[in-house]
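Chemist: I need the structure of the sequence given here:
(one chain, ligands or ions: 1)
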Amino acid sequence: MMTIEIRTVGVLGAGQMGSGIAQVAATAGYTVKLADVDLERATKATSKIAAMLGKLVEKGKLTAEAAEATAKRLIPVAGIADFGDCDLVIEAATENVDLKLKLFAACDAAMKPDALLASNTSSISVTKLAAVTKRPGKVLGMHFMNPVPLMRLVEIVKAVQTEPETYTTIKEAAEKMGKTVVTSNDAPGFLVNRILIPMLCEAMFAVQEGVGTPEDIDTGAKLGLNPPMGPLELADLIGLDTVLAIANVLYTDIGDTKYRAPTLLKNLVRAGWVGKKGGRGFYVYDEKGQKVPEGFVGTITLNRPDKLNALNAELVGELHRVLAEIRRDKDLRALIVTGAGDKAFAAGADIAAMSTMTGPEAKAFGELGHAVGAQMETLAIPVIAAVNGFALGGGCEMALACDFIHASTKAKFGQPEVNLGVIPGFGGTNRLARRVGIGRARELCFTGDVIGAEEALRIGLVNGIHAPEELLGKVKEIAAKIATKGPLAVAQAKRVLLRGLDVPLPTANELEVQAFAALFGSEDQREGMAAFLGKRPANFVGR
Ligand SMILES: C/C=C(\C)C(=O)SCCNC(=O)CCNC(=O)[C@H](O)C(C)(C)COP(=O)(O)OP(=O)(O)OC[C@H]1O[C@@H](n2cnc3c(N)ncnc32)[C@H](O)[C@@H]1OP(=O)(O)O
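Modeler: Predicted coordinates for the structure are as follows:
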């Protein structure tokens, strides 16, 4: 039987997999028609692929001419109806059997009779897909790995109906795309997932049964077996919902309980913790998808909401004690300070308590406030104020003692002590002047004016403002980001920035040189630079 010569490839689905397939097919010299639910999505994906090709040119991995020619071969189309002249269509839609059956029937109706039809499915029976078409002999599975341009494997899955010529033609096409082919008969999970999914589930059973922590299981697998990634990290990357769906296919279709999904996996998916794409799975991820070490960010909440968290000696003393404890905690990498309730960070020192203080008592109270400020400034870890409402008087001063401030759009700042016949006593005068400049500090301290979040942002008192319901989440993201950096480096940066304020510039620069040099030879310096050169994320340990 004659087989078709492949010149034009249709790719259905412009997501990560479909775009990757379109890229490698166009790079191999095929004309590629890329379709999704509408032309806009297909066009966006095509532009993204062109940008990706541009990056390869920048890195010297592709010539500008080759990138331009490849981009020209990529044609976004409105939908399946445009696949009429395609010699091969590769379906790369969401892993949903009903959807794929519908798309297969639609492709079959739109395509010329001798064209071949492949699915990128990772688990759905290709035999079942072939059966809804009028060309079952020309159907097979073409399971690419993610990310398609980088992963060398394509798993070709023969449906029961697949004709030998179809297999040969597709194998040649995959090889022309630079892939190594392995061949699987149509069985649950095919080859790769039949091996992979039980392995990932076994790692999850180990967590579920308390055999080890996710970190130890992944480290054990990486260092003991040498894969680039641990099983739980990989499960998070694939998506726990996808892992569960494939595990369910294996269990249902093979019928052996050894393929059952762990309850832990089901619960994580029920919670919406589907891995990297959802920001949380076995690990927590920041907005860039970088793993955030958990337990490294602490939060102190000023908790006296009925008095707008006004700072009496008891609360300030407690704050001092907790900060001393935090100083001894070797695991923490960032600290957040915020206020309880939705109205105040802290509305100042407690006026009722201060109203009866003698001069010496006020001195002791002021010294206690200053001791807390000094504690926060000299902690090795960054302290971030999340100002959720009023930060007046001592409240503003506590925020100023933090390394930097983010605030809710509802926040209000001020040093209104002059209204009470006193002045700021917890460091407000000088820290405010250092933060916003002497002129603005003078005006705020002399008038007792209260300013809103926008103005605080404008004068540089706060670094960012956020919707009230988003404030803590945003600050946690910043703290989590800091927690992924080298703790020794962050500590030195904090120390030099603080001490540099009090000395002449040449001395400050000398401090910087000393701190810079002191970091060399640390485990973290070696790890950070090796990670950059090895093109992998760094794993800092704080030594
Ligand atoms: C060193 C540091 C020094 C010297 C200082 O910090 S001096 C204090 C500087 N701060 C202030 O002057 C602000 C005082 N508070 C206010 O002006 C207002 O409370 C407010 C504008 C912040 C909010 O007003 P409002 O929404 O109307 O709320 P209330 O005033 O009714 O407050 C609710 C309860 O909290 C008590 N409160 C508020 N701030 C303080 C404070 N700094 N010290 C003691 N108690 C405070 C307030 O009295 C209310 O209590 P109750 O009356 O309900 O018992």
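
Chemist: does I300 count as helix, strand or coil?
Modeler: Secondary structure of I300, reduced to three states by DSSP: H, G, I helix; E, B strand; the rest coil: strand.

Chemist: Let me see the contact set for it.
Modeler: Shown in contact with I300 (CB atoms under 8 Å, 6 or more residues apart in numbering): 319, 322-323, 326, 335-338. C-beta: built from backbone N, CA, C; applies to glycine.

Chemist: try V450
Modeler: Contacts of V450 (CB under 8 Å, 6+ apart): 392, 412-414, 416.

Chemist: Identify the bridge partners of it.
Modeler: G414 (DSSP bridges).

Chemist: Could you dump the contacts of I300 into CSV with secondary structure and distance to the ligand added?
Modeler: Shown next, in CSV, are those (DSSP: H, G, I helix; E, B strand; the rest coil; distance: CB to the nearest ligand atom, whole Å):
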residue, secondary structure, distance to the ligand
L319, helix, 13
V322, helix, 19
L323, helix, 18
I326, helix, 23
L335, strand, 22
I336, strand, 22
V337, strand, 16
T338, strand, 16
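
Chemist: tell me which of the residues you listed is nearest to A480?
Modeler: Nearest to A480 among those: I336, at 10.3 Å, using CB to CB.

Chemist: wouldn't the closest one be in contact with V297 here?
Modeler: Yes. Here I336 reaches V297: they are 6.7 Å apart, a contact under CB atoms under 8 Å.

Chemist: so what's in contact with the two at the same time?
Modeler: The contact lists of I336 and V297 share 476, 479, where a contact means CB under 8 Å, 6+ apart.

Chemist: Residue numbers of the stretch 251-400 of the chain in contact with the ligand?
Modeler: Within the stretch 251-400 of the chain, the residues that sit near the ligand (CB under 6 Å from any ligand atom) are 307-308, 310, 347-352, 369, 390, 392-394.

Chemist: ok, and the most crowded of these?
Modeler: Scoring those on neighbours with other CB atoms under 10 Å, the highest-scoring entry is G394 at 32 neighbours.

Chemist: In contact with it: list those residues for me.
Modeler: Contacts for G394 (CB under 8 Å, 6+ apart) come out as 311, 346, 348-349, 369, 424-426, 428.

Chemist: Give me the spatial nearest neighbour of it, chain neighbours excluded.
Modeler: Using CB to CB, 6 or more residues apart in numbering and skipping the chain neighbours, the partner closest in space to G394 is A349 (3.8 Å).

Chemist: Can you give me the pLDDT of that neighbour?
Modeler: Per-residue confidence (pLDDT) for A349: 97.

Chemist: That one contacts I423, doesn't it?
Modeler: No. Taking contacts as CB under 8 Å, A349 lies outside contact range of I423: 11.6 Å.

Chemist: For the residue nearest to G79 when sequence neighbours are not counted, give me its contacts.
Modeler: Sequence neighbours aside, A35 is the residue nearest to G79 in space, at 5.3 Å (criterion: CB to CB, 6+ apart). The neighbourhood of A35, defined by CB under 8 Å, 6+ apart, consists of 10-14, 42, 76-80, 82-83.

Chemist: what distance separates the worst-scoring helix or strand of the chain on mean pLDDT from the centre of its chain?
Modeler: Taking mean pLDDT, DSSP states H and E as the measure, strand 291-292 is the helix or strand of the chain with the lowest mean score, a mean of 76. Chain-centre distance of strand 291-292: 7 Å, with CA atoms, centre = their mean, to the nearest Å.

Chemist: what sits up against that strand?
Modeler: Strand 291-292 has contacts (CB under 8 Å, 6+ apart) with 233, 283-286, 480-481, 483-484, 537.

Chemist: Adding secondary structure and pLDDT, write those out as CSV.
Modeler: Output for the contacts of strand 291-292, formatted as CSV (DSSP: H, G, I helix; E, B strand; the rest coil; pLDDT from 0 to 100):
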residue, secondary structure, pLDDT
E233, helix, 94
Y283, coil, 90
V284, strand, 85
Y285, strand, 84
D286, coil, 76
A480, helix, 87
K481, helix, 87
A483, helix, 90
T484, coil, 87
P537, coil, 78
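
Chemist: Could you pick out the buried ones from those residues?
Modeler: Buried by 16 or more other CB atoms under 10 Å: 233, 283-286, 480-481, 483-484, out of these.

Chemist: still on that earlier bit, for the contacts of strand 291-292, which two are the farthest from each other?
Modeler: Greatest spatial distance in the contacts of strand 291-292: E233 and K481, 19.0 Å, computed using CB to CB.

Chemist: can you map out the strands along the stretch 301-450 of the chain?
Modeler: 334-339, 344-346, 383-387, 390-392, 404-408, 412-414, 450-452 (DSSP state E, counting those that start in this stretch).

Chemist: In CSV: those, plus mean pLDDT.
Modeler: Shown next, in CSV, are the strands of the stretch 301-450 of the chain (pLDDT from 0 to 100):
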stretch, mean pLDDT
strand 334-339, 96
strand 344-346, 97
strand 383-387, 98
strand 390-392, 98
strand 404-408, 98
strand 412-414, 98
strand 450-452, 98
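
Chemist: and A399, what pLDDT?
Modeler: 98.

Chemist: how close does it get to N309?
Modeler: With distances taken as CB to CB, to the nearest Å, A399 is found 12 Å from N309.

Chemist: Now for the two: what residues contact both?
Modeler: Contact with both A399 and N309 is made by residues F345, according to CB under 8 Å, 6+ apart.

Chemist: which of the two has more neighbours?
Modeler: Each of A399 and N309 has its neighbours counted (other CB under 10 Å); A399 has more, 32 against 29.

Chemist: Against L140, how distant is the more buried one?
Modeler: Distance, A399 to L140, using CB to CB: 63 Å.

Chemist: what do you get for T338?
Modeler: The spacing between T338 and L140, counted by CB to CB, is 57 Å.

Chemist: do the same with A518
Modeler: Between A518 and L140 the distance, using CB to CB, works out to 61 Å.

Chemist: which of the two has more neighbours?
Modeler: Neighbour totals were compared for A518 and L140, and L140 leads with 27 against 12 (other CB under 10 Å).

Chemist: Can you tell me the number of residues neighbouring the nearest residue to that one once chain neighbours are set aside?
Modeler: Once flanking residues are discounted, L140 sits nearest to T162: 4.6 Å by CB to CB, 6+ apart. Using other CB under 10 Å, T162 is surrounded by 24 other residues.

Chemist: T162 contacts M142, doesn't it?
Modeler: No. Assessed by CB under 8 Å, T162 is found out of contact with M142, at 11.3 Å.

Chemist: Let's verify the residue nearest to the spatial centre of the chain: helix, strand, or coil?
Modeler: The chain has G289 as the residue nearest its centroid, 2.4 Å off, counting by CA atoms, centre = their mean. Secondary structure assignment for G289 (three-state DSSP): coil.

Chemist: Surely it and G278 touch.
Modeler: No. Assessed by CB under 8 Å, G289 is found out of contact with G278, at 10.7 Å.

Chemist: returning to that earlier point: among the residues of the stretch 251-400 of the chain next to the ligand, which lie within helices?
Modeler: Of the positions in those, 351-352, 369, 394 sit in helices, assigned by DSSP state H.

Chemist: which two in the residues you listed are spaced the farthest apart?
Modeler: For these, the farthest-apart pair by CB to CB is A352 and G369; their separation is 16.4 Å.

Chemist: got the contacts of I300 as CSV, with distance to G448 and neighbour count columns?
Modeler: Below are these laid out as CSV (distance: CB to CB, whole Å; neighbours: other CB atoms under 10 Å):
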residue, distance to G448, neighbour count
L319, 25, 21
V322, 30, 15
L323, 29, 20
I326, 33, 18
L335, 30, 23
I336, 28, 21
V337, 24, 25
T338, 24, 24
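
Chemist: surely A407 meets G389?
Modeler: No. In this structure A407 lies outside contact range of G389 using CB under 8 Å: 9.1 Å.

Chemist: ok, which stretches of the stretch 1-150 of the chain are strands?
Modeler: In the stretch 1-150 of the chain, the strands defined using DSSP E, counting those that start in this stretch lie at 8-12, 31-35, 74-77, 88-91, 116-119, 139-144.
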